[in-house]
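J.: missing the sequence, but the structure's below:
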DNA sequence: AGCTCATGGCGAG
DNA sequence: TCGCCCTGAGCTG
């Protein structure tokens, strides 16, 4: 269940584990057998993350493109992979380690050209140093949709998901229902640079923490880690509970089929 | 054991 | 906007 930070975290782990090594590639489940056979035995050249998309590059120039969706998961292990348990879409095996992929929305083989085209379709990713925030600003400044909806648009903010969306809006006290084009350039710049900081930190940790030091549980006399997603957050999935800053009940609403959390007192305007 | 829900996104209508 | 994909955790009982 990943936002971009987890995908980048996984890309680094896959790269550390498999880059410059020959890998045996197969699909025990059978749904990626043909693609796996085409790269089986090749050396992994590099692994890239762009937003929530993962690309594993092989010596032939071909790429395996993976999108985890809501359910997808990677598992890693040392030595030889055990007999498959359940449905494993993709399995990588080096002479030292293995990795198993289950439940992805997408697992496909791409040519070098197709991979380049796929990357071009993905919007600027705050975790990537080559991201162009002007692309995001153009879309934000021209959209009449709520800023909370635009933050989830992967062609505008690649890698941002439901947690970062809610949390970054809280941290900048922005009403999630404000029209995107009503967000000023200074506000956008603050949102973008904060996403760079939060998501980069989230990449190293492989989890999402957004609470400033002065609001941390130790500083506030609270118990840490209330939520099972693993990090410290202000509003995500805290509906009905008091805002960590002002005590107002955190609210929840459905926006485009996803749940949106915010503090109606802190996030005004 | 069974039910609900989840950090996502696609395609049909 | 809805259904679906398809996995797993956290509840209920």
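T.: Here it is on my side, so go on. Model, not experiment: these values are computed from the prediction.

J.: Residue A:98 should be in a helix, yeah?
T.: No. Applying DSSP: H, G, I helix; E, B strand; the rest coil, one finds residue A:98 to be strand, outside a helix.

J.: I'd say it and residue A:88 touch.
T.: No. Using C-beta atoms under 8 Å, residue A:98 makes no contact with residue A:88, being 10.3 Å away. Using the backbone N, CA and C atoms, a C-beta is placed for each residue, glycine as well.

J.: Give me the helix or strand of chain A that scores worst on average pLDDT.
T.: The least trusted helix or strand in chain A, going by mean pLDDT, DSSP states H and E, turns out to be helix A:217-220, with a mean of 73.

J.: Ends of stretch A:151-161, what's the gap?
T.: 8 Å (C-alpha to C-alpha, to the nearest Å).

J.: for stretch A:89-101, same thing?
T.: 6 Å.

J.: before we move on, back to that, name the residues of the least confident helix or strand of chain A that come out as buried.
T.: For helix A:217-220, the neighbour count (16 or more other C-beta atoms under 10 Å) marks no residue as buried.

J.: elements contacting that helix?
T.: Counting contacts by 3 or more C-beta pairs under 8 Å, 6 or more residues apart in numbering; DSSP states H and E, helix A:217-220 packs against no other helix or strand.

J.: how far out from the middle of the chain is it?
T.: 28 Å (C-alpha atoms, centre = their mean, to the nearest Å).

J.: Tell me the strands beside the very next helix or strand once past that helix, with direction?
T.: Going down the chain from helix A:217-220, the next helix or strand is strand A:251-255, by DSSP states H and E. Neighbouring strands of strand A:251-255 in its sheet, by DSSP bridges, are strand A:258-262 (antiparallel).

J.: quick one: is the partner strand near DNA strand C?
T.: No. Remark: strand A:258-262 sits outside contact range of DNA strand C, by C-beta under 7 Å from any atom of the strand, the gap being at least 10.2 Å.

J.: Name the residues of chain A found near DNA strand C, please.
T.: Within chain A, the positions adjacent to DNA strand C are A:31, A:69-71, A:73, A:86-87, A:102-103, A:105, A:228, A:256-257 by C-beta under 7 Å from any atom of the strand.

J.: Distance of the residue of chain A most remote from its centre relative to DNA strand B?
T.: Computed with C-alpha atoms, centre = their mean, the residue of chain A farthest from its C-alpha average is residue A:221, at 30.7 Å. Applying C-beta to the nearest atom of the strand, to the nearest Å, the value for residue A:221 to DNA strand B is 26 Å.

J.: Model confidence for that residue, exactly?
T.: Residue A:221 carries a pLDDT score of 73 in this model.

J.: repeat for residue A:124
T.: In this prediction residue A:124 is given a pLDDT of 97.

J.: swap in residue A:40?
T.: Reported pLDDT for residue A:40: 97.

J.: In contact with it, which residues?
T.: Applying C-beta atoms under 8 Å, 6 or more residues apart in numbering to residue A:40 gives the contacts A:24-26.

J.: got it, and residue A:112?
T.: A:61-63.

J.: Filter those residues down to just the buried residues.
T.: Neighbour counting with 16+ other C-beta under 10 Å marks A:62-63 as buried within the contacts of residue A:112.

J.: Adding pLDDT, secondary structure and distance to residue A:237, write the contacts of residue A:112 out as TSV.
T.: Formatted as TSV, the contacts of residue A:112 follow (pLDDT from 0 to 100; DSSP: H, G, I helix; E, B strand; the rest coil; distance: C-beta to C-beta, whole Å):
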residue	pLDDT	secondary structure	distance to residue A:237
A:61	97	coil	43
A:62	97	coil	40
A:63	97	strand	35
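
J.: Brilliant, that's me finished.
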